[in-house]
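Visitor: quick one, structure for this:
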Amino acid sequence: MNAAPRVLARIAGLLAAAAPEERGALWQLAEPGRELDANLVRLPPGADVGEHQEDVLDVLLVVLAGAGSVRAGDGQVLDLAAGAVLWLPRTSRRALTAGPDGLTYLTVHRRRPGLAIKPPGGAYEGGEGPCMLDRVCPECGRLSQDPAPVFCSRCGERFPER
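Guide: Numbers count the residues shown, from 1 in each chain. Have a look, this model is predicted:
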């Protein structure tokens with residue numbers, strides 16, 4: 001059986017249905033058998049996603065609303081505004097910060113390969129950790145280094161229970 005194209009989401013409706021303070025992934029591509037992953041993400045004004053690196057996948061980021069910036073690992077800062085399309089090459093370090101009106105964006109990338117244990121010496125032989133949005137503080141946007149955070153180390157906000 002061949003899969004048929006279909007509309008999976010209406011972004012304007014998703015944003016309208018979300019509470020104004022709701023942040024993080026508002027929608028995720030979850031179709032069985034897919035080869036892509038996609039996330040609709042909203043950051044409130046001034047929130048950030050701490051510096052991180054994707055070791056396995058290139059990511060395409062499309063800014064849908066608001067503005068902000070991305071700071072590359074080399075210190076370069078790129079301004080983001082609605083309509084900007086940003087390529088985040090694998091192994092690049094980056095941090096996102098939302099502007100005064102917040103930042104809403106869509107990320108698209110190949111579906112992640114299966115999880116793998118990183119061997120001593122640091123070389124990956126495939127695989128990458130799952131999405132880390134559950135480690136982003138709902139209050140200030142800091143990315144926790146703790147894999148199961150309870151409280152934010154920056155602002156003290158309690159993380160939602162899993």
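
Visitor: contact partners for residue 61?
Guide: 70, 85, 86, 87, 88, 105, 106, 107 (C-beta atoms under 8 Å, 6 or more residues apart in numbering). (Each C-beta comes from the backbone N, C-alpha and C, glycine too.)

Visitor: sort out for me which of these are in strands.
Guide: Among these, the ones falling in strands (DSSP state E) are 70, 85, 86, 87, 88, 105, 106, 107.

Visitor: quick check: the farthest pair among these?
Guide: 70 and 106 (14.5 Å; C-beta to C-beta).

Visitor: higher neighbour count, those two?
Guide: residue 70 (21 against 18; other C-beta atoms under 10 Å).

Visitor: report the contact partners of the more buried one.
Guide: Shown in contact with residue 70 (C-beta under 8 Å, 6+ apart): 61, 77, 78, 80, 86, 88, 94, 95, 96, 97.

Visitor: which of those residues count as buried?
Guide: 61, 80, 86, 88, 94, 95, 96, 97 (16 or more other C-beta atoms under 10 Å).

Visitor: quick check, nearest of the residues you listed to residue 44?
Guide: Nearest to residue 44 among those, with distances taken as C-beta to C-beta, is residue 97, at 11.4 Å.

Visitor: so what's the residue count around the residue lying closest to that closest one once chain neighbours are set aside?
Guide: Spatial nearest neighbour of residue 97, excluding adjacent residues (C-beta to C-beta, 6 or more residues apart in numbering): residue 48 at 4.3 Å. With neighbours defined by other C-beta under 10 Å, the count for residue 48 comes to 21.

Visitor: returning to what we had before: any idea which of the ones in strands among the contacts of residue 61 is closest to residue 42?
Guide: Closest to residue 42, out of all of the ones in strands among the contacts of residue 61 and judged by C-beta to C-beta, is residue 105, at 8.2 Å.

Visitor: and the closest one, bridged to which residues?
Guide: Beta-bridge pairing for residue 105 (DSSP bridges): residue 41, residue 63.

Visitor: touching, it and residue 63? I think so.
Guide: Yes. Residue 105 lies in contact with residue 63 (C-beta atoms under 8 Å); the separation is 4.9 Å.

Visitor: ok, these two, which is more surrounded?
Guide: residue 105 (23 against 19).

Visitor: for the more buried one, which residues are in contact?
Guide: Shown in contact with residue 105 (C-beta under 8 Å, 6+ apart): 40, 41, 61, 62, 63, 64, 80.
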